[in-house]
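Novice: Got a predicted model here, sequence first, then my questions.
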Amino acid sequence: MSDSRSPRRRLSGLKPDALMAQGLAEPEQVVEVAGITIETPLGRGGMGAVYLGRQLSLDREVAVKVLASELADDPQFLERLEREARVMARLRHPNIVAVHDFQRTEDGAAIVMEFVEGGSLREKLLQHPNGLPVAEALRILRQIAAGLEAAHASGVIHRDMKPENVLMDADGTARVTDFGLALPLHEASTRLTLSGTAVGTVDYMAPEQFRGVEADARLDVFALGVMAYELLTGKTPRGSFDAPHRLRADISAQVSAAVMKALRPEPAERFASIAEFMKALHQPRRRVWPWLVGVLMLVGTLAMIKWNAAPAEVTGEWRDAAAGTRIWEDVLRGDWRNDNGVLTSGTDICIVKLEDELPEAYDVRLRVTRLEGQYSTALFFRSGGRMATVELDAWKEGLAGVQMINGQDLTSGYGFRFPLANGEPHDLLVEVRPGEVRVSVDGQFKKTFVTKDLPMEITPAWELGPTTRRMALALGSYQSPTRFEQVEWRAVDLTAD
């Protein structure tokens with residue numbers, strides 16, 4: 001068996017002409033970064049080179065971005081590299097490459113980053129000259145958008161989004177990187193270049209970038225629109241270009257229209273945010289036939305009558321669901337600790353049962369804090385005789401809501417976004433009613449999930465397997481140690497006057 005740490009594995013699959021070009025290229029600059037053993041070059045860009053290294057203190061592979069020697073004496077480029085490191089270090093998100101360290105070296109400076117082995121999105125595009133399968137393209141766009149939304153929420157615009165600046169990890173997850181041109185939104189007119197100089201990559205730059213006007217998040221919307229066009233068609237939209245659905249019959253007109261709106265030259269005509277773009281891209285507009293309109297109006301009228309006539313819900317007292325948990329008996333998977341009703345899970349897939357029976361209608365509330373990891377935390381619940389989960393930050397994509405419903409999990413797009421930041425507590429309220437489940441987070445209502453006449457189940461990823469244990473309420477964490485506290489439930493009486 002070959003040593004997985006050997007840099008030779010990076011050379012597998014290279015063409016002879018590529019190896020020849022590498023052999024004839026100018027020698028790489030000598031790189032010395034404290035605490036890092038440099039192993040092999042990974043790539044080169046305008047500002048410098050990226051190397052595979054090994055961080056000695058933690059014995060892990062890292063990527064080391066080093067400023068080019070010819071730029072090392074320029075304070076402007078040193079400032080840009082340090083700014084990139086600081087921006088990326090504070091953007092902690094599953095779809096953004098993590099930064100571990102920044103160092104000033106004798107020859108310039110270096111960023112020590114998480115190593116993402118799967119290559120760039122550009123490499124993936126080269127394998128699909130006519131575009132990726134639509135579902136895969138939309139999945140990747142959703143992940144890139146999640147990273148950009150996190151940056152925008154932190155007040156940072158990327159300004160240089162392109163396939164080269166998206167890395168694909170081993171399991172196919174997209175990770176945004178290279179924030180070298182990023183600027184805070186509140187300092188959007190501040191530049192690290194000469195006054196009036198446009199920065200970015202031409203094919204992905206919004207028209208207003210060339211004019212040097214004040215920047216906002218719509219720059220990244222435009223760039224993501226260009227990337228969407230490329231992912232769907234394999235072509236870069238330059239000059240006059242056809243809408244995507246005219247190039248591929250399997251691209252819906254609705255998806256095509258969303259991409260074209262993101263590419264409009266005037267910022268005011270584009271989507272105001274990445275979230276709006278994603279909403280238009282992933283929510284198909286279905287034609288409603290005239291006869292169906294009448295049916296819907298009738299159903300709506302009957303529903304209103306029923307709503308107006310329905311008695312108010314009467315709820316019972318809150319009951320502690322965690323204090324009596326017996327670790328030796330109620331744990332179904334993984335390691336758990338019970339500290340006076342505060343339940344803390346381990347690093348494995350962890351599930352602990354809380355209640356055997358619950359009424360038809362009930363509420364559950366709890367406080368959840370993910371301590372480590374990047375996967376979901378879950379509340380297992382029973383409704384209509386079937387078990388399902390309410391999850392936060394599922395599938396490493398910040399997805400949240402009830403899964404699975406009618407054979408579909410949250411990657412189908414029916415949930416809502418709620419990525420977790422480790423160490424931050426969140427209050428979860430789940431209201432289970434016949435035919436629906438309502439979910440609120442931190443006091444804000446998020447979504448009602450319709451479950452009437454639809455089968456629900458637990459995703460196979462939880463590896464719960466067949467069990468004869470009666471279970472109506474449980475907690476879970478997926479390879480992410482989590483603290484659950486104040487776990488309570490109460491019965492809801494829907495029939496009382």
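Specialist: Nice, thanks for sending it over. Residues are numbered from 1 along each chain as shown.

Novice: Going along the chain, name the helices of the stretch 1-150 of the chain.
Specialist: Secondary structure of the stretch 1-150 of the chain (DSSP state H, counting those that start in this stretch): helices at 16-24, 75-90, 121-126, 134-153.

Novice: Please disregard the earlier target; I meant the stretch 201-350 of the chain.
Specialist: Here the stretch 201-350 of the chain has its helices, by DSSP H, counting those that start in this stretch, at 207-211, 218-233, 244-247, 253-262, 274-282, 290-309, 327-330.

Novice: residues of the third one that come out buried?
Specialist: For helix 244-247, a neighbour-count test (16 or more other C-beta atoms under 10 Å) marks 244, 245, 247 as buried. The way it works is simple: take the backbone N, C-alpha and C, and place the C-beta from them, glycine included.

Novice: Relative to residue 392, which of the residues you listed is nearest.
Specialist: Ranked by distance to residue 392 (C-beta to C-beta), those are led by residue 244 at 33.2 Å.

Novice: next helix or strand past the helix or strand hosting residue 428?
Specialist: Here residue 428, judged by DSSP states H and E, is contained in strand 425-433. Next in sequence after strand 425-433, counting helices and strands by DSSP H and E, comes strand 436-441.

Novice: rewinding a little: what's the closest of the helices of the stretch 201-350 of the chain to residue 401?
Specialist: Residue 401 sits nearest to helix 274-282 of all the helices of the stretch 201-350 of the chain, at 14.1 Å, using C-beta to C-beta.

Novice: coming back round to it: in the strand holding residue 428, which residues have enough neighbours to count as buried?
Specialist: For strand 425-433, a neighbour-count test (16+ other C-beta under 10 Å) marks 426, 428, 429, 430, 431, 432, 433 as buried.

Novice: Same question for stretch 487-497.
Specialist: By neighbour count on 16+ other C-beta under 10 Å, the buried set for stretch 487-497 is 487, 488, 489, 491, 492.

Novice: in terms of contact, does the first one touch residue 343 like I think?
Specialist: This points to residue 487. Yes - between residue 487 and residue 343 a contact is recorded at 7.1 Å, counting by C-beta atoms under 8 Å.

Novice: Overlap in contacts, those two.
Specialist: Shared contacts of residue 487 and residue 343 (C-beta atoms under 8 Å, 6 or more residues apart in numbering): 322, 475.

Novice: any idea how far residue 415 is from residue 439?
Specialist: 9 Å (C-beta to C-beta, to the nearest Å).

Novice: Can you tell me which residue is spatially central in the protein?
Specialist: Residue closest to the average C-alpha location in the chain (C-alpha atoms, centre = their mean): residue 397, at 3.2 Å.

Novice: which one's the longest strand in the protein?
Specialist: Once the chain is assigned using DSSP state E, the strand that runs over the most residues is strand 482-493.

Novice: What pairs with that one, parallel or antiparallel?
Specialist: If you go by DSSP bridges, strand 482-493 pairs up with strand 314-315 (antiparallel), strand 319-320 (antiparallel), strand 342-345 (antiparallel), strand 362-370 (antiparallel).

Novice: So for residue 98, which of the ones you listed sits nearest?
Specialist: For residue 98, the closest of the strands paired with strand 482-493 is strand 362-370, at 15.8 Å, according to C-beta to C-beta.

Novice: residues of that closest one that come out buried?
Specialist: By neighbour count on 16+ other C-beta under 10 Å, the buried set for strand 362-370 is 362, 363, 364, 365, 366, 368, 369, 370.

Novice: Let me know the angle separating the next helix or strand after it from strand 436-441.
Specialist: Beyond strand 362-370 on the C-terminal side, the first helix or strand identified by DSSP H and E is strand 377-383. Using axes from the mean of the first three to the mean of the last three C-alpha atoms, to 10 degrees, the direction of strand 377-383 lies 160 degrees away from that of strand 436-441.

Novice: strand partners of whichever helix or strand comes after strand 377-383, parallel vs antiparallel please.
Specialist: Counting by DSSP H and E, the next helix or strand C-terminal to strand 377-383 is strand 386-394. Partner strands and pairing direction for strand 386-394 (DSSP bridges) are strand 377-383 (antiparallel), strand 399-403 (antiparallel).

Novice: Mind listing residues that contact strand 386-394?
Specialist: With contact meaning C-beta under 8 Å, 6+ apart, strand 386-394 is reached by 94, 368, 370, 374-381, 399-405, 409-410, 415, 418-420, 426, 428, 430, 437, 439, 441, 451, 455-459, 462, 471, 476.

Novice: for it, what is the average pLDDT?
Specialist: Mean pLDDT, computed over strand 386-394, is 94.

Novice: close enough to count as contact, residue 265 and residue 207?
Specialist: Yes - here residue 265 reaches residue 207: they are 4.8 Å apart, a contact under C-beta under 8 Å.

Novice: Could I get the pLDDT score of the nearest residue to residue 128 once chain neighbours are set aside?
Specialist: Nearest residue to residue 128 in three dimensions, chain neighbours excluded: residue 234, at 6.2 Å (C-beta to C-beta, 6 or more residues apart in numbering). On the pLDDT scale, residue 234 is placed at 95.

Novice: Please convert the helices of the stretch 201-350 of the chain to JSON lines, extending it with distance to residue 108.
Specialist: Putting the helices of the stretch 201-350 of the chain into JSON lines (distance: least, C-beta to C-beta, whole Å) gives the following:
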{"stretch": "helix 207-211", "distance to residue 108": "27"}
{"stretch": "helix 218-233", "distance to residue 108": "28"}
{"stretch": "helix 244-247", "distance to residue 108": "42"}
{"stretch": "helix 253-262", "distance to residue 108": "37"}
{"stretch": "helix 274-282", "distance to residue 108": "33"}
{"stretch": "helix 290-309", "distance to residue 108": "65"}
{"stretch": "helix 327-330", "distance to residue 108": "53"}
